[in-house]
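> one predicted model, sequence on top.
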Amino acid sequence: MDYSAGFSKLIYNSNILFYVTNGDGTILFLNTFGQKLLGITPEDIVDGINSISFYADPEDKNDLDSILKSKKSVFDIEIRMKSKDGRLITGHEYGYIQKTEKGEELICGLINDISDFIELNLSTARLNIEMAETNQKLQDAYNTMAQQEKMATIGELAAGVAHEINNPLGFIKSNSRSMTKYMEMITVVFKQISEKYSLKEIENADKMDFILSDIKEVLEENGDGLNRIAKITESLKRFARMGDEDVKSDFDLNQAVLDTLNIAKIQYKYIADIKLDLGEIPPVYCNGDSINQVLLNLIVNAAHAIEMLGSKERGVIVIKTSSDNGSIKFSVCDSGPGVEDSVAHKLFDPFFTTKEVGKGTGLGLSLCYDIIVQKHKGKIWFENCTPGGARFIFTLPGKAE
């Protein structure tokens, strides 16, 4: 019985993206769901549209191609795509290399769209914060909400951190499977050596040079993947630890900036480039947990400001630290739309926000003001830049008062 017609119908009508590309990435086949998801037409395929234009991050495509090149197949790799109109899509990709009768290598695969699932995770991570009815209750609730805001932000970033970890884990697991197969072959070869004492007669002996060289490359890839995971998780661990807000100690502000960028990477990596100008500064005597919250709020706000422009071009976030007359200075400048004069005086007011309903609590900059000015006797302000964007600056005393 010929099942080909039934399988073709299943592929065309499935709610999973099925594709076939040539070795250069040119799309040769894309089912109906895939065309609708990416916003392309059959005419686009005929004209020779390339699949690389639909990957939001080149790292995802590079990881995929690297594994395909060495292992000939990939399984359950998490990728970020973008449709023709710029809509971001998160998916799990499976693929393999198929040779034609003419010897041409084609890439066949499927992508399962999990964007709704990711969005659900983000939604469940957001916390609703209630206001108190009296001034005394407001003050009491304010301290509690400050910590809730921090944990809500970490919750929103959790799905992004998982995305960052998932890709290196994918090739580590794949490499580990390869290592197991290689070691089995090595065992057989040496067993035959001990029995026959003749390399020429040993099965797979001609493959030993390749296997031994590939073992080194596999171990190096595993080491790189583990280092990437360790960097992300260590930054998250340092940032998320809870402590007494009144306890102060020497704090490495430059390291805190790097940790915060690792944690917040998913917020800016698709929309902005980071430019760092970290000066040689002494340790800051402060409460590190609170300052971490300020850094996160300001960097995430900068990314959101650039995103509000809706530009197809990547923005820029410039972060600087310096020391001046005993004070430590931090600034973050974005290439967003800047701050309108009509709302400038409200920026640090509690619950004021320029974001849409549900996108923010209006506590971010207010918490920054409270932490920098009230708790650390520092200063915080902003200024619009030319030709556009806003720069937020804070200073902290270099020594304990």
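Now that the structure is in, tell me what you want to look at.
> buried stuff in stretch 76-90?
Using 16 or more other CB atoms under 10 Å as the burial criterion, the residues of stretch 76-90 that qualify are 77-82, 89-90. The C-beta positions use only the backbone N, C-alpha and C, and glycine is treated the same way.
> what does stretch 52-65 give?
Quick answer for stretch 52-65 (16+ other CB under 10 Å): 54-57, 60-61, 63-64.
> dump it to PDB, restricted to CA.
Provided in PDB are the C-alpha atoms of stretch 52-65 (Å, rounded to 0.1, in the frame of the first residue of the first chain):
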ATOM      1  CA  ILE A  52      19.100  32.400   7.600                       C
ATOM      2  CA  SER A  53      17.000  35.600   7.300                       C
ATOM      3  CA  PHE A  54      14.400  34.100   9.700                       C
ATOM      4  CA  TYR A  55      16.800  33.400  12.600                       C
ATOM      5  CA  ALA A  56      16.700  36.100  15.200                       C
ATOM      6  CA  ASP A  57      20.100  35.400  16.600                       C
ATOM      7  CA  PRO A  58      23.100  34.200  14.400                       C
ATOM      8  CA  GLU A  59      24.300  32.100  17.400                       C
ATOM      9  CA  ASP A  60      21.300  29.800  17.100                       C
ATOM     10  CA  LYS A  61      21.900  29.200  13.400                       C
ATOM     11  CA  ASN A  62      25.700  28.800  14.000                       C
ATOM     12  CA  ASP A  63      25.000  26.200  16.700                       C
ATOM     13  CA  LEU A  64      22.600  24.300  14.400                       C
ATOM     14  CA  ASP A  65      25.000  24.300  11.500                       C
END
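> ok, and what's touching it?
25, 38, 74, 77-84, 88, 93, 95, 167, 170-171, 269-270 (CB atoms under 8 Å, 6 or more residues apart in numbering).
> domains in this structure, by residue range?
With domains defined by automatic domain parsing, the chain comprises 4-113, 169-234, 244-397.
> compare the mean pLDDT across these and name the weakest.
Among the domains of the chain, domain 169-234 has the lowest mean pLDDT, at a mean of 68.
> of the buried residues of stretch 52-65, just say which sits nearest to Ile371.
Asp57 (32.8 Å; CB to CB).
> hmm, back to that, in helices only, show me the buried residues of stretch 52-65.
The helices, defined by DSSP state H, take in 60-61, 63-64 from the buried residues of stretch 52-65.
> from those, which two are the most distant?
Lys61 and Asp63 (7.4 Å).
> and the helix or strand Asp273 falls within, how far from the chain's centre?
Using DSSP states H and E, Asp273 falls within strand 272-278. Mean C-alpha position of strand 272-278 versus that of the full chain (CA atoms, centre = their mean, to the nearest Å) differs by 16 Å.
> mind listing the helices for this protein?
Assigned by DSSP H, the helices in the chain fall at 4-13, 32-38, 42-47, 58-71, 115-125, 135-196, 208-240, 253-263, 265-268, 288-309, 364-369.
> just checking, what packs against the second one?
When you say that, I think you mean helix 32-38. For helix 32-38, the elements it packs on are helix 4-13, strand 17-21, judged by 3 or more CB pairs under 8 Å, 6 or more residues apart in numbering; DSSP states H and E.
> got it, and the third one?
In terms of contact count using 3+ CB pairs under 8 Å, 6+ apart, helix 42-47 is assigned the packing partners strand 27-30.
> now swap in the last one and tell me
Where contact means 3+ CB pairs under 8 Å, 6+ apart, helix 364-369 is packed against helix 135-196, helix 288-309.
> thinking again about what came up before, in TSV, list the domains of the chain along with distance to Glu119.
Below are the domains of the chain laid out as TSV (distance: least, CB to CB, whole Å):
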stretch	distance to Glu119
domain 4-113	9
domain 169-234	22
domain 244-397	12
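> most packed of those?
Highest mean neighbour count of the domains of the chain: domain 244-397, a mean of 17 (counted as mean count of other CB atoms under 10 Å).
> for Thr90, give me its contacts.
Contacts of Thr90 by CB under 8 Å, 6+ apart are 78-81, 113-115, 118, 163.
> how about Lys312?
Going by CB under 8 Å, 6+ apart, Lys312 touches Gly86.
> could you do Tyr96 as well?
68, 72-74, 107-109.
> what about 6 Å?
The neighbourhood of Tyr96, defined by CB atoms under 6 Å, 6 or more residues apart in numbering, consists of Ser73.
> distance check, it against Val218.
Distance of Tyr96 to Val218, computed by CB to CB, to the nearest Å: 20 Å.
> before we move on, what about Gly378?
50 Å.
> ok, Gly225 next?
11 Å.
> cool, Leu347 as well?
Computed with CB to CB, the distance linking Leu347 and Val218 is 52 Å.
> so who does Lys320 touch?
With CB under 6 Å, 6+ apart, Lys320 has these contacts: 277, 331.
> related to what we said a few turns ago, so which of the contacts of stretch 52-65 are in strands?
74, 77-82, 88, 93, 95 (DSSP state E).
> got TSV for the residues you listed, with distance to Ile281 too?
Converted to TSV, the ones in strands among the contacts of stretch 52-65 look like this (distance: CB to CB, whole Å):
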residue	distance to Ile281
Val74	44
Ile77	41
Glu78	38
Ile79	39
Arg80	35
Met81	41
Lys82	39
Leu88	37
Glu93	44
Gly95	48
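> for the stretch 301-401 of the chain, which segments are assigned as strands?
Under the criterion DSSP state E, counting those that start in this stretch, the stretch 301-401 of the chain carries strands at the ranges 315-324, 327-334, 379-384, 390-397.
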